[in-house]
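# Below are the sequence and a predicted model; questions follow.
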Amino acid sequence: MSTTGTGTGAGEDTEPGIGAADIAEPGAVTVVVPTFNESANVRELLHRLTESVPGRLPCEVVFVDDSTDTTPEVIRSAAQDCPFPVTVIHRESPDGGLGGAVVEGLRAAGSEWIVVMDADLQHPPALVPELIAAGEAAGADLVVASRYLRGGSREGLAGGYRIAVSRTATWLTKALFPRGLRGISDPMSGFFAIRRSAVTDAVAAGELRPLGYKILLELAVRLRPRAVAEVPFVFRERFAGESKSTPAEGLRFLRHLVGLRTAAPLARMIAFGLIGLTGFVPNLLALYLLTQGGMHYLPAEVAANQFGVAWNFLLIEVLLFRDRRGHRHWADRMGRFALLANADLLLRIPLIALLVAGAGMPVLPATALALLLTFVLRFAATEALVYLPRGPRGSHGSGRPGASRPGSADHV
């Protein structure tokens, strides 16, 4: 990762509604801008920020860049004309996508307020002072720029398809997280302000695990800010270039939702059980094909069970424990998971016999109780033996999205 910084003092513009007493020192706002090939936009963005941020609002801008074009060079050139410090952090590896870039910016921020916005000017820079003023007035930890308040608009979304996707994603997230998103009308917004004090501990502890674009969702659900305010904004068309939204990003968003929803142990155990139920499909299909091919049903049962195990392992890796995969090699994880799954079968039979013969239970209730007990044991063993870190070194494993990578720093 390389870092460059440049800039001078604040400008002379003023903005009504923000009193000097409300401004934290030494810096009131750090504007964090994640960039990926935005060379055609960043100069205009800095120009509009210079015009929008009042002189009495101390400001710095931090670009976290994953670009493969000349975006870092254009930023450094444009920063020479800015009245505030501008820093470029170029990441060697885009871990966590846009969300991971924002976490890197949160880590670098030096002001009490942090504003996160896109570089393509769909988020109006003129709204930055209003976000800070709204947060100070409401005593809020989080201020969201919303397209769904009166006075807001999503007119910059191109086409009915993107509008439908946006509305569906908003509905889905609010349905899944009614408490975490209380007071937030636009959880899909990428334009917001948050107090640095509300995120410092989580960033330092590596608790944020974003995946893709929706960093606001990550912050709101994991941090539960004590108070939330909103201001309306009009989502504009891009100043230049093309949208980075792709079907792959949509899949990452769904994986992110599953990860957030299953963060609590009980929710994760329920998801573990539901994934286990889906394993019956490949298990029975493999059993049918093997027996139809002439294999005896007993070895066919054993072999078919491994297809179900492999299916469950794949889903659990992708949906349930994606942020814990860096602690062990995939083959080690797969072997441990398969061993536990087959041990579950071996344990269940004598347990059923014990419940029937020793406790006098009927066969069906005994079988149901044995299934429940071995399921809970297998879930606990899977977490402890497959996906928990092996030791202190494991807590800093490469599997955590958004983890910073070593690099050089150079200041101009």
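Right, received. Where do you want to start?
# now Arg255: how far from Ala263?
According to Cβ to Cβ, to the nearest Å, Arg255 and Ala263 sit 13 Å apart. Using the backbone N, CA and C atoms, a C-beta is placed for each residue, glycine as well.
# Comparing the two, which residue is more hemmed in?
More crowded of Arg255 and Ala263, by other Cβ atoms under 10 Å: Arg255, with 16 against 13.
# Isn't the more buried one up against Phe321?
No - between Arg255 and Phe321 there is no contact under Cβ atoms under 8 Å: 11.5 Å.
# low-scoring stretches of the protein, by residue?
1-27, 156-162, 212, 244-247, 389-412 (pLDDT under 70).
# how far out from the middle of the chain is the top helix by length along it?
Determined from DSSP state H, the single longest helix within the chain is helix 330-353. Put simply, helix 330-353 sits 32 Å off its chain's centre (Cα atoms, centre = their mean, to the nearest Å).
# Would you mark the buried spots in it?
333-334, 336-338, 340-341, 344, 347-348, 351-352 (16 or more other Cβ atoms under 10 Å).
# which other helices and strands contact the helix or strand that it is followed by?
Using DSSP states H and E, the helix or strand that follows helix 330-353 in sequence is helix 363-382. Helices and strands touching helix 363-382, by 3 or more Cβ pairs under 8 Å, 6 or more residues apart in numbering; DSSP states H and E, are helix 265-278, helix 330-353.
# which outside residues touch helix 363-382?
Here helix 363-382 makes contact (Cβ atoms under 8 Å, 6 or more residues apart in numbering) with 269, 272-273, 276, 316, 337, 340-341, 344, 347-348, 351-352, 355-356, 359, 361.
# try stretch 176-192
Residues from elsewhere that reach stretch 176-192 (Cβ under 8 Å, 6+ apart): 98, 115-118, 123, 127, 131, 142-149, 152, 166, 169-170, 173-174, 213-217, 220-221, 224, 228, 230, 233, 257, 260-261.
# Over to stretch 282-293?
For stretch 282-293, the surrounding residues in contact (Cβ under 8 Å, 6+ apart) are 297, 300-301, 303-305, 307-308, 310-311.
# one more time with 10 Å
Stretch 282-293 has contacts (Cβ atoms under 10 Å, 6 or more residues apart in numbering) with 295-297, 299-312, 314.
# Same check on stretch 266-277?
Outside stretch 266-277, the residues that touch it by Cβ under 10 Å, 6+ apart are 258-262, 264, 308-309, 311-316, 318-321, 341, 344, 372, 375-376, 378-380, 382-383.
# Quick one, which of these are buried?
Neighbour-count burial (16+ other Cβ under 10 Å) applied to the contacts of stretch 266-277 gives 258-262, 308-309, 311-313, 315-316, 319-321, 341, 344, 375, 378-379, 382-383.
# helix, strand or coil for Phe63?
strand (DSSP: H, G, I helix; E, B strand; the rest coil).
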